[in-house]
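In: Just to be clear, the model below is a prediction. Sequence and coordinates:
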Amino acid sequence: MTEDLLMLRKKVARRMQYYLRKNFRPHSLAYKLLSDYPTRPGKGIRPAFCLAAAASVGGDYDNAVNTGAAIEFLHNAFLIKDDIVDQSLYRRGDLTLNRKYGLALAANAGDAVKILSMSPLIDNLSVIGVRKSLQIILEIQEMAGRSVEGQIMELTYVRKNRVDLTSRDYFRICENKTCWYTVITPCRTGLIIGSDHASPEQLDSFTRFALNLGLAFQITDDTLNLTASQKLYGKEINGDILEGKRTLILIHLLNSCTPEERKRMRRILGTSRDSKTDADVEYVRELMQKYSSLEYARKVARRLAKKARETLLNECTWMTEKRWKRFFFDQTDYLINRKR
């Protein structure tokens, strides 16, 4: 993890604490609930991308701190909701909020964190002006809509127990659910804040860089869910199999295995999380090894990361600050080579 990333993370973390303390009494249960996920150790890449994007075109990254805080608040709200929907056990090395406090308190905490994200966006008015503030709100509105669409798509595939999906289906889920709120929106909003007037061409090239990086990031995350140590990963290993998520790994397996194997896979995937056995999980993992599905996914992730680097090198020539352009290259390498 680079010094620049740590520095940007700390700036945003301090601003998030400001809004938490401003809106909730520090010793109240509400404060305890809402500050739980934001204070756990995370990668912090989303707000860091926003601030670095502003600095990459010569802007002041301090002007992007409010937007970075809003993005990170929304990210934590999404995590709380995802953990409830997926019935997950662990998040960032500790029990999920729903496991610690119950579904009702966790659901309300998720709503409150989402609402809290509005405060820094309102305060943007005095920092970056009306025009840019409205642009940022529209960008975040676009991201929120796409994230909901991607989540519904993924849940529908699980509910219908689809076993006929292709890699294109997976990329559609990831583009909406992961790429926009993890990389695209942070990059676009930072560029808008740092520039006098961000051009359509700048936004387009940055979006293509961020799309490929976001896809590589999610595929890497899917592989870590099966291969990382739980201590480093901070989440439940094999959780995607238990939840029946249609990852690129699983889709590759379903398109590679025999009809008899696919039939058994369909039965396992259609079984509820609590009813899946260790033998079910092991069978899926053995087939993934048999058909080299993990290796396939890693190759795709590396190819997408390469495309992201090429776009950054050849098309993002408007980045005037070499330090921050290097930051994006470094983070591209980190996000596909990480262990957590």
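Out: Happy to help now that I have it.

In: so for stretch 189-206, what's the average pLDDT?
Out: Regarding stretch 189-206, the rounded mean pLDDT is 97.

In: residues in contact with it?
Out: Stretch 189-206 is contacted from outside by 49-61, 63-64, 67, 71, 128, 132, 135-136, 139-140, 187-188, 311, 315-316, 318, using Cβ atoms under 8 Å, 6 or more residues apart in numbering. In short, each C-beta sits where N, CA and C put it, glycine included.

In: Can you pull out the residues in contact with stretch 32-44?
Out: For stretch 32-44, contacts defined as Cβ under 8 Å, 6+ apart pick out 5, 8-9, 12-13, 16-17, 20, 24, 72-73, 76, 79-80, 91-94, 97, 100-101, 105-106, 108-109, 112-113, 116, 234, 338, 340.

In: Show me which of those are buried.
Out: Among the contacts of stretch 32-44, those classed as buried by 16 or more other Cβ atoms under 10 Å are 5, 8-9, 12-13, 16, 20, 24, 72-73, 76, 79-80, 91-92, 97, 101, 106, 109, 112-113, 116, 234, 338, 340.

In: okay, and for the chain, where does confidence drop off?
Out: The chain contains residues with pLDDT under 70 at 1, 229-235.

In: residue boundaries of the helices in the stretch 101-250 of the chain?
Out: For the stretch 101-250 of the chain, the helices defined by DSSP state H, counting those that start in this stretch occupy 103-116, 118-123, 125-159, 167-174, 185-194, 200-227, 230-233, 239-243, 248-254.

In: So which of these is nearest Ala279?
Out: helix 239-243 (12.1 Å; Cβ to Cβ).

In: could you dump that closest one to PDB, C-alpha only?
Out: Extracted as PDB, the C-alpha positions of helix 239-243 are listed here (Å, rounded to 0.1, in the frame of the first residue of the first chain):
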ATOM      1  CA  GLY A 239     -19.000 -17.500   0.600                       C
ATOM      2  CA  ASP A 240     -19.800 -17.000  -3.100                       C
ATOM      3  CA  ILE A 241     -20.400 -20.800  -3.500                       C
ATOM      4  CA  LEU A 242     -22.700 -20.800  -0.400                       C
ATOM      5  CA  GLU A 243     -24.600 -17.800  -1.800                       C
END
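
In: could you list every residue that touches Ala13?
Out: Residues counted as contacts of Ala13 (Cβ under 8 Å, 6+ apart) are 38-39, 44.

In: Can I get the residues you listed in JSON lines including secondary structure and distance to Val300?
Out: Shown next, in JSON lines, are the contacts of Ala13 (DSSP: H, G, I helix; E, B strand; the rest coil; distance: Cβ to Cβ, whole Å):
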{"residue": "Pro38", "secondary structure": "helix", "distance to Val300": "32"}
{"residue": "Thr39", "secondary structure": "helix", "distance to Val300": "34"}
{"residue": "Gly44", "secondary structure": "coil", "distance to Val300": "26"}
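
In: Outside of stretch 166-176 itself, list whatever touches it.
Out: With Cβ under 8 Å, 6+ apart as the test, stretch 166-176 has contacts from 146-147, 149-150, 153-154, 157, 211, 214-215, 218-219, 246-248, 251-252, 255, 300.

In: ok, now stretch 85-93?
Out: Residues contacting stretch 85-93 (Cβ under 8 Å, 6+ apart): 37, 40-42, 79, 82-83, 95-99, 151, 155, 230-231, 234-236, 239, 243, 273-274.

In: Narrow the contacts of stretch 166-176 to those that are buried.
Out: Judged by 16+ other Cβ under 10 Å, buried ones among the contacts of stretch 166-176: 146-147, 149-150, 154, 157, 211, 214-215, 218-219, 246-248, 251-252, 300.

In: Now do the same contact list for the spatially most central residue of the chain.
Out: The residue lying closest to the centre of the chain (Cα atoms, centre = their mean) is Thr182, at 4.3 Å. Contact analysis of Thr182 by Cβ under 8 Å, 6+ apart lists 45-46, 214, 217-218.
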